[in-house]
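Student: The sequence and its predicted three-dimensional model are supplied below.
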Amino acid sequence: MVLTNSAEPNKKKLSQENFDKNLIYQCSSFHVGGKGGAETYLTSLMNYQIPGVSDRVIKNLKNIDHSQFKLLHLHSPDFLLDVTGECPVIFTVHNHSLYCPSGTKYLAEKNTICQRKFSYLGCTWGKLIDKCGSRKPSRVIDEFKETQRLQNILKKIKVTFIANSDYVRQELIKNGVPSEQTVTLRCGIPIPQTAISPLTIETHKNQRMLFVGRIVPDKGLEWLLKSLVHTNPRIQLDIAGEGWDRPRLERLAEKLGLTNRIVWHGWCDSDKLNRLYKECFTVVFPSVWPEPAGLVTLEAYARYRPVIASAVGGIPEHLQDGKTGILVTANDIKKLSDAITDLSTNYQKCVCLGEQGHALFLKEFAMDVHVKNLQKIYENTIFNF
């Protein structure tokens, strides 16, 4: 059940009569069941049915008596602006929008990760010259205003900030969040309900690899296509995802002579995505922006598949180079093509990396492990309020 906005006179009555003081509530403007990483995570939390946590998602915190809540778990940055301090609050940081107006910390013009702290001068330069995110004047102004509003309250509100990687936790601290209010809790995903098994020799011989994600420049698909040119022509690439950059990349693929080696699947439902994972010998995660964490790695581990990924952001905290996959320098065509060739020609290595990744997943990233750690954070936050 999802709470929707009611008429103004009824909001106070709704909050008094329909909220249970003994429950924790998730709060988000994200769509439960949506296709993004944050939406996927929130959906997993709701489906897990954590004891003591409501099955409702609060979509708006305005005009609600916060003192009636046992704890609020926020997922959308704008909700921080409505925190009253009347109950314990946790905020899970899903991206960089608290301290980066574009939310990416990636300078497309330079193909580098931004190291600046938020400032009007530095971020204006980043937008206009270094091409960090949108450059539409109206959107830039709105992003700057929102980031400034969030920056103004970060030090004023008593909130426990959950970072999904140490990389993100350090960025929070660097941008003014007190270290004692931050904690790292890496992502978790459910164990697949479909049959899963280690990579077979037959599947490896089919030479299919998989990319899963939005088709936008920050996800590194252009780099992957340029690297694919330098691999065995038998290797096929399945692309599961959609995005505004797809037409340009389809033209690039044609120009590179890759049309017959790529299948563009668009957005896939869970059944089709499971099939694509099952049919690949490796999953490639070539993001060039500093991914806070990335669920793709965990989804591959859960299905016994090794991962080739860029060493940016929080990805190296989830991928053990040489043990569960291969880390490569972002935008390095030779290193990425060499990694693909390595796994495409070494079945035993693929199996070994996949099995070790699956073992790591069960130990650290399965949803039941994640929820146990999250419950401890809930308990500590309530106790210290």
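Tutor: The structure has been received and is ready for your questions.

Student: could you point out which element follows the host helix or strand of residue 47?
Tutor: Element membership for residue 47, per DSSP states H and E: helix 37-48. Counting by DSSP H and E, the element after helix 37-48 in chain order, helix or strand, is strand 53-58.

Student: now that next one against helix 37-48, angle please.
Tutor: Strand 53-58 and helix 37-48 meet at an angle of 140 degrees, taking axes from the mean of the first three to the mean of the last three Cα atoms, to 10 degrees as the criterion.

Student: State the next helix or strand along the chain beyond strand 53-58.
Tutor: Following strand 53-58 in sequence order, the next helix or strand is strand 71-74 (DSSP H and E).

Student: same for the helix holding residue 47, what does it pack against?
Tutor: Using 3 or more Cβ pairs under 8 Å, 6 or more residues apart in numbering; DSSP states H and E, the elements in contact with helix 37-48 are strand 24-27, strand 53-58, helix 295-302, helix 367-383. C-beta here means a position set from N, CA and C on the backbone, and glycine is covered the same way.

Student: Just the C-alphas of that helix, formatted as PDB.
Tutor: Output in PDB follows, covering the C-alpha atoms of helix 37-48 (Å, rounded to 0.1, in the frame of the first residue of the first chain):
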ATOM      1  CA  GLY A  37      19.000   1.000  -8.800                       C
ATOM      2  CA  ALA A  38      17.300   2.900  -6.000                       C
ATOM      3  CA  GLU A  39      13.900   1.700  -7.000                       C
ATOM      4  CA  THR A  40      15.100  -1.900  -7.200                       C
ATOM      5  CA  TYR A  41      16.600  -1.600  -3.700                       C
ATOM      6  CA  LEU A  42      13.500  -0.100  -2.200                       C
ATOM      7  CA  THR A  43      11.300  -2.800  -3.900                       C
ATOM      8  CA  SER A  44      13.500  -5.500  -2.400                       C
ATOM      9  CA  LEU A  45      13.200  -4.000   1.100                       C
ATOM     10  CA  MET A  46       9.400  -3.800   0.800                       C
ATOM     11  CA  ASN A  47       9.100  -7.400  -0.600                       C
ATOM     12  CA  TYR A  48      11.300  -8.700   2.300                       C
END
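
Student: Just the buried residues of that helix, please?
Tutor: Using 16 or more other Cβ atoms under 10 Å as the test for burial, helix 37-48 gives 37, 38, 39, 40, 41, 42, 43, 44, 45, 46, 48.

Student: Among these, which has the minimum pLDDT value?
Tutor: On pLDDT alone, residue 37 ranks lowest of the buried residues of helix 37-48, at 78.

Student: if you skip the residues just before and after it, what's nearest to it?
Tutor: Excluding the flanking residues, the one nearest residue 37 by Cβ to Cβ, 6 or more residues apart in numbering is residue 295, at 5.3 Å.

Student: wait, isn't that neighbour in contact with residue 190?
Tutor: No - Residue 295 lies out of contact with residue 190 (Cβ atoms under 8 Å); the separation is 11.0 Å.

Student: The two: which has the busier surroundings?
Tutor: Neighbours were counted for residue 295 and for residue 190 using other Cβ atoms under 10 Å; residue 295 has more, 23 against 14.
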